[in-house]
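K.L.:
Test case, fold it:
(chains A and B)
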Number of protein chains: 2
Amino acid sequence: MENSSRVYVYDTTLRDGAQTQGVDFSATDKARIARELDRIGIDYIEGGWPKANATDDAFFANPPELNRSRLAAFGMTRRAGRSADNDPGLGALLVTPARVVTLVGKSWDFQVTVALGIELDENLRMIADSIAHAAAKVDEALFDAEHFFDGYKANPDYALSAVRAAYQAGARWVVLCDTNGGTLPHEVSRIVGEVIAAGIPGSHIGIHCHNDSETAVANSLAAVAAGARQVQGTLNGLGERCGNANLVSVIPALMLKMGFTTGVSLEDLASLKTVSRALDDVLDRVPQRGQPYVGASAFAHKGGLHVSAVARDPRCYEHIDPALVGNVRHFVVSDQAGRSNIVARMNEIGVDLDAVKREALVRVVGQMQVGFDPHSVTDLVDLVKKLEGEGYTYDQAAASFELLVRRALGEVPDYFTLERYRVIDERRRNARGDWITLSEATVKVEVDGNDYMEVGEGTGPVHAFDVALRKVLVGVYPELTALELKDYRVRITESTVGTSAKTRVTIESEDGRGNRWTTVGVHSNVLEASLEALQDSITFMLFRLGTQS
Amino acid sequence: MENSSRVYVYDTTLRDGAQTQGVDFSATDKARIARELDRIGIDYIEGGWPKANATDDAFFANPPELNRSRLAAFGMTRRAGRSADNDPGLGALLVTPARVVTLVGKSWDFQVTVALGIELDENLRMIADSIAHAAAKVDEALFDAEHFFDGYKANPDYALSAVRAAYQAGARWVVLCDTNGGTLPHEVSRIVGEVIAAGIPGSHIGIHCHNDSETAVANSLAAVAAGARQVQGTLNGLGERCGNANLVSVIPALMLKMGFTTGVSLEDLASLKTVSRALDDVLDRVPQRGQPYVGASAFAHKGGLHVSAVARDPRCYEHIDPALVGNVRHFVVSDQAGRSNIVARMNEIGVDLDAVKREALVRVVGQMQVGFDPHSVTDLVDLVKKLEGEGYTYDQAAASFELLVRRALGEVPDYFTLERYRVIDERRRNARGDWITLSEATVKVEVDGNDYMEVGEGTGPVHAFDVALRKVLVGVYPELTALELKDYRVRITESTVGTSAKTRVTIESEDGRGNRWTTVGVHSNVLEASLEALQDSITFMLFRLGTQS
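P.N.:
Model (predicted):
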């Protein structure tokens, strides 16, 4: 007897997600994502479409070892006028290591007659034959009913006969697909109910939604509420056009809000943010700050009133405990910031203003105006506002924010001072007539009263500068050998003035032990902005290690 | 008699949207957004919170002229223990030019006793007094019932008594707020139904949702389906944490899918994409490609099978006609591309392969291998794949794609050839001891067999190069005077190798007549990548103008 509160999760990041504009997985990428999905107990992982492209073939030739998930291969039902036995596409699907096979077929009469140009009955035979053939050869055969909801609205009897053909031929699941993404939750709810009433048990019904109406998550939840017990979707809602249903939002809603269980345990759920980030990492994408449940802003509090309230009781502005999905509460510094914000943020980085008020201050950084009182929260708020007005975004560069505050409090030593530099970039032909590109940087740096000069070559101006600066600094601070730059981004902060506009450079760094931090630099010269962010990054690492200058 | 199919749209981009992390509107920004909202017939525009900050005061002191929308000011109900008459906050709200006033108050008993620390009855009196006071002074008073859904789940009687107090005191609308964004559509549907059953007419009920569960759009639609007739939300779902309900998705669903009318006509709806982009422009944000209805990918077709099907009948993979919301169909070039994709894309830019097959080819660009046959779609697909493997992303740089194809077909003249360049960046102290930063570029360029050398200074290396190159080119091609760089973005394409990684530079340009195009360059040297994108941008403008070299 099926436990009616158990919902099966089917991930199609590696197949439907691979259709996303700008996404191009390698077989290695796919294996890495599959291992993440397996780690948290996703029931099914659709690996790809064998024989459709070289990447998918390479993936199935050498699939990752899975401990908890079942691997599925995707393909089409047999072609018209062939036997299932004698269909090369179907045959190729059944010889991969995947013991689950998902076959897509038509359920909208318009698609059968117009797109395929075949008889309606032949389409039903194609579904039944193919499912029966596959079900006999592998552990589970699934039927993806393409365009099911549009088909059902146009001709409910035919759409039902298509999924009935698959179910009666032995499909473990018939999956109702909203291929165009145009269906709304109340329609999904009604139609799933009618399919169940027509004799297909909910324990054999899956749902596959696209986000074209911005309701893919709600549609998926509506289908489960109506009785479906399998949900298909992708990590972070990856997918063609507007994406597929986002499993990262579907799973916690099912488990934390609707009383269902999945293959994901509550303990696994605490890795949800990590799994979501792993996909961004493979894609080299900046994680979406506002992503529900797992985004950096999902539990970030900005308005001064909200911050006071959350500090009193998190239920005031948080729908779940962020720890349940591996996320954390965060207080944001910004122009909206009131006093309670900046104090909360300083507490977060461990600065106790009351304590420092009793101390003498060593110095005030050059950026700050005469008369600036670092003891004063108001002055700090004003300073943050002033710098944000110049284009700095401390929301996204917590390390630079911490340095700003701690410099104001005199806590940050002068590890080094850049005296001057010169960077030359050149492209010309060499003696043999080949094009050569050169970047060379000269730096003069003062450390502890001593001047050092070094020169470095690099693949570009920022790299050449980094090489020369680190030549100096690694001699004094050998721990900097482990510093790695992980991401480098440039944006214009004023959109109207072309290449002379102010640029904001954001650098993400790592210390070789998995700790990452982000720094920011702003200048009309992209190189100056880069150097500012780079110097902040180095200073932050030394400060965190407690290095004495 | 109220027309029951008319839904009122209330925009809070300027107030709740301003809470978004990283967002900081000026009063001018706010006025510009308000004019866009007014242009398409949004019923209410919430301008901000008077006396909360200087920006909102500046906005209300000099509000934009609105033709179709009503301006609303937001604030709180009176404080405990004061009369409404004698509350300075409430007083400040009633003297702005806004003739609609929205007052937020508590409806969750826990919030009243814990956050406010007052008696439950006093909270009801605060609501009733404040609404009655405001309703007497302005055209419409609205009540935002904060935390209504959480409050209703905890204590339905108290939550109802709060909205009933507002309604009976004369509130034009009582707005049920899902402040934490944790409520799901089926709960919204049930609770709105129960509020109506308890005696508040749907024609006086509004809904205000947040997207923490990724269901804000669905929640809003569920409320309207259950009888509510006002929807609050923001453009592009702007808002704190995960954002507010996205009006850009709510409005077309109401009008095109659910049979409701709004203040937005079908003709206005065709400006939806423009209005959405106007907000991105104010925020200097790259528009979200995958945004439902209006994103560049919302009607983009990538998989080879899909492209063939859409070419046959758009209903196969499009939930609405993109023109209804001002969007366009788009075929995507990418590694997934099959033959039908690239042919469709070339047709889109007006290249007819069959026709060119009869022509002799002038030349093949240097990037292409010996043996490359530009007539062959397969070879072009392979070339695109090869370049995408090196980090080029033609998905996002249509102008560079068009140049690639047209160069292969020998259609693009050699407008100029960069012979060599040298860029020097320097920071040092001048004779007076002040820091100075210099960027200087020398270029040698061949045009029509003549060599030109120029030198330019700029605020950074790319700017200096641009200045020097244009000094040469504007002499030959005066039309380039109008060329403006609108956006400049840099990303690392390989995430592991720090400042020596390959960089991808994307440049967006404008020709002074509103036409924009995007070009891409990839190189391990950020300057080289920038110059490649810059040269493509100049070439594309000259090519589009039909300039003869």
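
K.L.:
In which helix or strand does the residue in chain A sticking out farthest from the centre reside?
P.N.:
In chain A, the greatest distance from the average C-alpha position (C-alpha atoms, centre = their mean) is reached by A:A431, at 48.0 Å. Assigned by DSSP states H and E, A:A431 belongs to no helix or strand.

K.L.:
so how far is chain B from it?
P.N.:
Using C-beta to the nearest C-beta, to the nearest Å, we find A:A431 at a distance of 14 Å from chain B. C-beta coordinates here come from the backbone N, C-alpha and C atoms, glycine included.

K.L.:
Which residue is it, in the stretch 51-200 of chain A, that comes closest to chain B?
P.N.:
A:G182 (2.6 Å; C-beta to the nearest C-beta).

K.L.:
for that residue, phi and psi?
P.N.:
In this entry, A:G182 is assigned phi and psi values of phi -100, psi 0 (degrees, to the nearest 10).

K.L.:
how about the closest residue to it other than its chain neighbours, secondary structure?
P.N.:
When the adjacent residues along the chain are set aside, A:G182 lies closest to B:H319, with 2.6 Å between them (C-beta to C-beta, 6 or more residues apart in numbering or on different chains). Three-state assignment for B:H319 (DSSP: H, G, I helix; E, B strand; the rest coil): coil.

K.L.:
show me the residues around B:H319 that make contact.
P.N.:
For B:H319, the contacting residues are A:180-182, A:212-213, taking C-beta atoms under 8 Å, 6 or more residues apart in numbering or on different chains as the criterion.

K.L.:
Show the model's pLDDT score for it.
P.N.:
Here, the pLDDT recorded for B:H319 equals 93.

K.L.:
and if you look at A:G389?
P.N.:
Looking at A:G389, its pLDDT is 66.

K.L.:
ok, back up a step: who wins for most neighbours among the contacts of B:H319?
P.N.:
The residue in these with the most neighbours, by other C-beta atoms under 10 Å in any protein chain shown, is A:S213 (30 neighbours).

K.L.:
Next one: it relative to B:L266, how far apart?
P.N.:
When distances are taken as C-beta to C-beta, to the nearest Å, A:S213 and B:L266 turn out to be 18 Å apart.

K.L.:
got it, and A:L160?
P.N.:
Distance of A:L160 to B:L266, given as C-beta to C-beta: 34 Å.

K.L.:
quick one, which of these two is more surrounded?
P.N.:
Using other C-beta under 10 Å as the criterion, A:L160 and B:L266 rank with A:L160 on top: 20 against 10.

K.L.:
hang on, isn't the more buried one packed against A:A198?
P.N.:
Yes. Contact criterion C-beta atoms under 8 Å: A:L160 and A:A198 qualify, at 5.3 Å.

K.L.:
got the phi/psi numbers for the residue farthest from the centre of chain A?
P.N.:
Taking degrees, to the nearest 10, you get phi -60, psi -30 for the backbone angles of A:A431.

K.L.:
Enumerate every residue touching it.
P.N.:
Going by C-beta under 8 Å, 6+ apart, A:A431 touches no other residue.

K.L.:
What helix or strand is the nearest residue in space to A:A115 that is not next to it in sequence located in?
P.N.:
Here the nearest residue to A:A115 in space, its sequence neighbours aside, is B:A309; by C-beta to C-beta, 6+ apart that works out to 5.7 Å. Assigned by DSSP H and E, B:A309 falls within helix B:304-312.

K.L.:
That helix - what's its average pLDDT?
P.N.:
Averaging pLDDT along helix B:304-312 gives 64.

K.L.:
and if you look at stretch A:264-277?
P.N.:
Computed over stretch A:264-277, the mean pLDDT rounds to 95.

K.L.:
does chain B sit close to it?
P.N.:
No. Applying C-beta under 8 Å from any C-beta of the partner chain, one finds stretch A:264-277 separated from chain B by no less than 12.5 Å.

K.L.:
Identify the residues contacting that stretch?
P.N.:
Contacts of stretch A:264-277 from elsewhere in the structure, counted by C-beta under 8 Å, 6+ apart, are A:9, A:36-37, A:39-42, A:235-236, A:248, A:251-252, A:255-256, A:287, A:291, A:293-294, A:323-327.

K.L.:
again, but for stretch A:124-133
P.N.:
Among residues not part of stretch A:124-133, those counted as contacts by C-beta under 8 Å, 6+ apart are A:77-80, A:83-85, A:87, A:90, A:103, A:105, A:141, A:143, A:161-162, A:165-166, A:168-171.

K.L.:
Give me the buried entries from the residues you listed.
P.N.:
Buried subset of these (neighbour count, 16 or more other C-beta atoms under 10 Å in any protein chain shown): A:77-79, A:84, A:87, A:90, A:103, A:105, A:141, A:143, A:161-162, A:165-166, A:169-171.

K.L.:
Just the residues you listed: which are in strands?
P.N.:
A:103, A:105, A:141, A:143 (DSSP state E).

K.L.:
between those, which is nearest A:L438?
P.N.:
In terms of C-beta to C-beta, no member of these lies closer to A:L438 than A:L103, at 57.3 Å.

K.L.:
roughly how far apart are the residue in the stretch 251-400 of chain A positioned nearest to chain B and B:A34?
P.N.:
In the stretch 251-400 of chain A, the residue that lies nearest chain B is A:H319 (2.6 Å; C-beta to the nearest C-beta). The span separating A:H319 from B:A34 equals 31 Å under the rule C-beta to C-beta.
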